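Student: sequence unknown, structure follows:
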């Protein structure tokens, strides 16, 4: 860090007290004991009653957000002021420039200019499909939605699918075929490949190696088989850093064959997670599981499910648990054995397991045990055995054929490949996507093997000119999934045809097209490859109908896997796999995929980079997570640096103290520290792959010691804090209302609403009762699983800008919708509640009365409108907003130049400029479209349907159905029915703001046996 | 001691008045400029690649608006005809006319014609054609006598005061739906009454009121809410 930066940082810290000095945890514990801690808290500082948190509650933006604290000279400042004064006066007087309008030459059939269309396709992550309906405006895809007719989605998505549209338009994407860094053509590549392929033909392909990502595409699998037939001695390797090795190996131990496990959570009364993060994006089937899970979390349903989470790192899934047991990852196996009837546990865990055991035995056939992907195979085998033992198979647990095309260990696969490379056996290496030079296990030194083992022809196909492309002769720009034809399988085996939404923006090709080139079918377009495969599979004359239907619906009917009968093998080979046990005094290090950028492939996706991670609310970084107790012992604070030592290597990482993290273990997220990801991802975070070894990819034992130095982390935790009143006492406000199921049933939950303060604004400006439509929203605390999907959906729908790490730190991030986390209880194992907070659309909106220019006013339907072109940026409104949902463009955050990004924007929403306030509008553009459709409808039914189908972007993408929006004047609308429930409450209703967004209180279903304990 | 001469009083008074008047004049001039065709382009013909005459095509030949502006009834955007629409006729007639060369060139090469937008609203205004058509607002209510425009210009200022003028009292402009595309429609009078649903109207206000209820017009309060046009 140079001097300037240091000065700047010092200055920032001076004006951003929230960031200045994270509390010393030792002092913190003392303070907690001394004071009466608040019941609900958002950060450890708040728990300790840090006065700065109080100050934060009283501020609209954190201190420093409104100041110009970059180095700027007096002269520069005056120049700027002078010019802005001149510009402010003059802007109103400009004439509109001539605007070109460009019609088609031949307008495509079926296109209605100005109307959105939807097409079914599918996004694939780790080989598992997320079925989608993509909104297209004039054939530009602009928004991703889930496919409501597909059983794996039911309309929901996950953050990765939702944000994938930004990757399509990413200006940093690879745009050309490159040969040794020079622009070349696909044709010249095909020519150059012919020689090596011909000579390999005589050698039966002994020197050809293909390395692909995990895939489930039937077409690609068919091509793989073709390839293996053409070149019998060639090898096709598969590797992804986040893989299903443990899952398939576990099934192999249990059943002697790799199978896929599919859960039916809406049939489960008791759910046990053995370190599984099944309610967060990236877990196959997550969207469906979230829906099914939420369905059974309704306290008014006949039987609310009970969820036990045993986890080694705090996750959003664990936060939903009725009972959560934080343990080190290596201890999960012991607990699984104890659940099977073994003993050997003590303390908290023993009590927990005993209660759970009783519960499981009572819920025979209606429980489910879900093991996490990063748990060793033996835990999976134990979970299989448990599910058998508990009679769940065929009821809540189903086994099917594996979804992925290859089930062999991917780590073994890449290890073999590297051995061949170093052994000089490889003459032609084709890497289909992926980035092994960055993300392969460190001990294999893949990058070194690629660079130095003299492979004559190395080809890399990828969306980006990344760390691997750099070391290959040829780089072929890969077509984004929205630009190519393909097919893929969802978690339940259902096949979706991937159809392109747009012609390739650049000269790019799909993996299938490249493989077909290797197979000697040069220049077969991807469309023909996919269609020909399906022609060969389809019997009957009506192929055309079948094809059109499958493409249109987004899935091929009848391809869902049937559940299969498997029988448990004898248990003798369930050897313990205590890879990273801490018995040698080491600290357990959990390696996890990053919640936002997955394995690093989304590093250049600025939406995901800036998405606050579920519990830490961290953006743009991957600190090391540790629990408060461990931090006490190491005497470290958040943002201090520690050294992690493992297998003789070491890495310095900043610390983030995370409440609820198990002791004697730390968690690191890999995927950060990219060198060649693009402008957004380069240099963000730390490269943890350096420490990830092939023998211990998920869990290792190492040393963590304190070193000197600090590192600035940008987290949104503690920003936009609603004022809870005094921490303890009569004025205390409940932002999140929570109760146990028993209390809810006995006392009917709702504590009496606080008496509103005296107010001058008692009469609504309009007679809402007379309106046909009056909009309102409910957000269900019980259903919300904290998956962050709504934030990305909102960002995509409403053209919301990203601001970067530095600006997030100043509290200038632009998300219209935030998901707050409220912790309850002690810091070692708190309960956590997620609260999505959009604009409340108050009927008595405090923001409106203070706007000097009438830029925020009320509509007759009760919306709190924000008119950007009127806003002059006084920020009085945000100052007066008790919910702190208004976001201000302190700088020109929006990219007005990049042509690709212009194509991505929603044309129905204004792109905001500097100096303008913005906020959630309940997706007013969707409301307007729906209302116009209703008014133009020719039949009564069409009219009803167009309003009934109206969804806000957050609601539509929510996999758990936690957000419900609609007309509250219609007593039969879903939202009216929810608002009538006793769980319904308004946040800060004592202010008499009369918010239109209300919440359904959180109800937990704890086991009476465990109640009262800290879990 | 007297520093200033007595005339200073007059000069100072005069300059105060002059100052006020100058400031008022500058303000008035700015406002006038802002509303003038120099800024609004009202009545100003813009350069186009082909001197397309609405007068000829609409009045002389009698082509309906919707032949070219196909999506005006269903979409917010009225649609601007693709080259193909021009060539439907001009592959048969005026096939060698020099002024149509850009059209033929576009059709041959597949490169679009680039017109200049005439009725150009600011990008923060979201106007929807279909709902106006649907509620009985005629094309020429906003676009003016298009059938008498040899070269296209915007009839109105398209400024917010002009929009809101009608939104505050839409009754003034409503006409039967079947008359929306009639360029020579006249408001009802004693001489030319408008008959709709068997009822005869001889003045606009009574017709407007009747149509407002028949077409379920939202109230003036509703359609002057900011989010009607801005979002």
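Tutor: Cool, got the structure. Because the structure is predicted, anything quoted here is derived from the model rather than measured. Numbering: from 1, shown residues only, chains lettered A, B, ... in the order given.
Student: show me the contacts for residue A:357.
Tutor: The neighbourhood of residue A:357, defined by Cβ atoms under 8 Å, 6 or more residues apart in numbering or on different chains, consists of A:338, A:339. The way it works is simple: take the backbone N, C-alpha and C, and place the C-beta from them, glycine included.
Student: State the next helix or strand along the chain beyond the helix or strand containing it.
Tutor: Take DSSP states H and E as the rule and residue A:357 turns out to sit in helix A:347-362. Where DSSP H and E defines the elements, the next helix or strand beyond helix A:347-362 is strand A:367-371.
Student: who does the next helix or strand after that following strand touch, helix- and strand-wise?
Tutor: Counting by DSSP H and E, the next helix or strand C-terminal to strand A:367-371 is helix A:377-389. Applying 3 or more Cβ pairs under 8 Å, 6 or more residues apart in numbering or on different chains; DSSP states H and E, we find helix A:377-389 packed against helix A:245-255, helix A:331-339, strand A:367-371.
Student: looking at the ones you listed, which is buried most?
Tutor: Most buried of the helices and strands packed on helix A:377-389, by mean neighbour count (mean count of other Cβ atoms under 10 Å in any protein chain shown): strand A:367-371, with a mean of 28.
Student: average pLDDT across it?
Tutor: Average pLDDT, strand A:367-371: 94.
Student: that older thread, quick one, which of the helices and strands packed on helix A:377-389 gets closest to chain B.
Tutor: Chain B sits nearest to strand A:367-371 of all these, at 42.9 Å, using Cβ to the nearest Cβ.
Student: what lines up beside the closest one in the sheet?
Tutor: Next to strand A:367-371 in the sheet, as set by DSSP bridges, lie strand A:270-274 (parallel).
Student: what does the strand it pairs with contact?
Tutor: A:265, A:293, A:305-311, A:317-318, A:321, A:332, A:335-336, A:339, A:356, A:359-360, A:363, A:366-372, A:375, A:379, A:383.
Student: just to revisit the earlier point, show me which residues of the helix holding residue A:357 are buried.
Tutor: A:348, A:349, A:351, A:352, A:353, A:355, A:356, A:359, A:360 (16 or more other Cβ atoms under 10 Å in any protein chain shown).
Student: Next, format these as JSON lines and append pLDDT.
Tutor: Listed next are those as JSON lines, based on pLDDT from 0 to 100:
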{"residue": "A:348", "pLDDT": "83"}
{"residue": "A:349", "pLDDT": "86"}
{"residue": "A:351", "pLDDT": "88"}
{"residue": "A:352", "pLDDT": "89"}
{"residue": "A:353", "pLDDT": "90"}
{"residue": "A:355", "pLDDT": "90"}
{"residue": "A:356", "pLDDT": "91"}
{"residue": "A:359", "pLDDT": "90"}
{"residue": "A:360", "pLDDT": "90"}
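Student: can you narrow the residues you listed to ones near chain B?
Tutor: Among the buried residues of helix A:347-362, no residue lies close to chain B (Cβ under 8 Å from any Cβ of the partner chain).
Student: I'd like the next helix or strand past whichever helix in chain B runs longest.
Tutor: The longest helix of chain B (DSSP state H) is helix B:7-35. Toward the C-terminus, helix B:7-35 is succeeded by helix B:37-40 as the next helix or strand (DSSP H and E).
Student: nearest spatial neighbour of the residue in the stretch 801-950 of chain A that chain B sits nearest to, skipping sequence neighbours?
Tutor: With Cβ to the nearest Cβ as the measure, residue A:859 is the residue of the stretch 801-950 of chain A nearest to chain B, at 3.8 Å. Computed as Cβ to Cβ, 6 or more residues apart in numbering or on different chains, the closest residue to residue A:859 that is not its neighbour in sequence is residue B:225, at 3.8 Å.
Student: All the strands of chain B, residue numbers only.
Tutor: Secondary structure of chain B (DSSP state E): strands at B:115-116, B:194-196, B:199-201.
Student: Select, out of those, the one closest to residue A:869.
Tutor: strand B:115-116 (23.1 Å; Cβ to Cβ).
Student: Around whichever residue of chain B sits closest to chain A, how many other residues sit close by?
Tutor: The nearest approach of chain B to chain A comes at residue B:77, 3.1 Å away (Cβ to the nearest Cβ). Burial of residue B:77 is recorded as 19 neighbouring residues (other Cβ atoms under 10 Å in any protein chain shown).
Student: try the one 3 residues further on
Tutor: Under the neighbour criterion other Cβ under 10 Å, residue B:80 is assigned a count of 20.
Student: Then the one 3 residues further on?
Tutor: By the measure other Cβ under 10 Å, the count of residues near residue B:83 is 25.
Student: Go ahead and confirm it touches residue B:49.
Tutor: No - if you go by Cβ atoms under 8 Å, residue B:83 and residue B:49 don't touch, sitting 11.1 Å apart.
Student: joint contacts of these two?
Tutor: The contact sets of residue B:83 and residue B:49 overlap at residue B:113 (Cβ under 8 Å, 6+ apart).
Student: Not counting sequence-adjacent ones, nearest residue to the most centrally placed residue in chain A?
Tutor: Central residue of chain A (Cα atoms, centre = their mean): residue A:159, 3.7 Å from the mean position. Leaving aside its sequence neighbours, residue A:159 sits nearest to residue A:281 (Cβ to Cβ, 6+ apart; 4.6 Å).
Student: all helices of the stretch 401-550 of chain A, in order?
Tutor: Ranges of helices within the stretch 401-550 of chain A are A:410-422, A:436-439, A:446-452, A:511-518, A:526-537, A:543-553, based on DSSP state H, counting those that start in this stretch.
Student: can I get those helices in TSV with mean neighbour count?
Tutor: TSV is the format used below for those (neighbours: other Cβ atoms under 10 Å in any protein chain shown):
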stretch	mean neighbour count
helix A:410-422	20
helix A:436-439	26
helix A:446-452	18
helix A:511-518	25
helix A:526-537	17
helix A:543-553	15
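Student: Next, format those as a markdown table and append distance to residue A:657.
Tutor: Shown next, in a markdown table, are those (distance: least, Cβ to Cβ, whole Å):
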| stretch | distance to residue A:657 |
| --- | --- |
| helix A:410-422 | 32 |
| helix A:436-439 | 28 |
| helix A:446-452 | 34 |
| helix A:511-518 | 43 |
| helix A:526-537 | 49 |
| helix A:543-553 | 49 |
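Student: Show me the domain layout of the chain.
Tutor: You didn't say which chain, so I picked chain A. With domains defined by automatic domain parsing, chain A comprises A:3-63+A:719-1004, A:245-400, A:582-715.
Student: meant chain B, my bad for not saying
Tutor: If you go by automatic domain parsing, chain B breaks into B:7-38, B:71-79+B:119-228.
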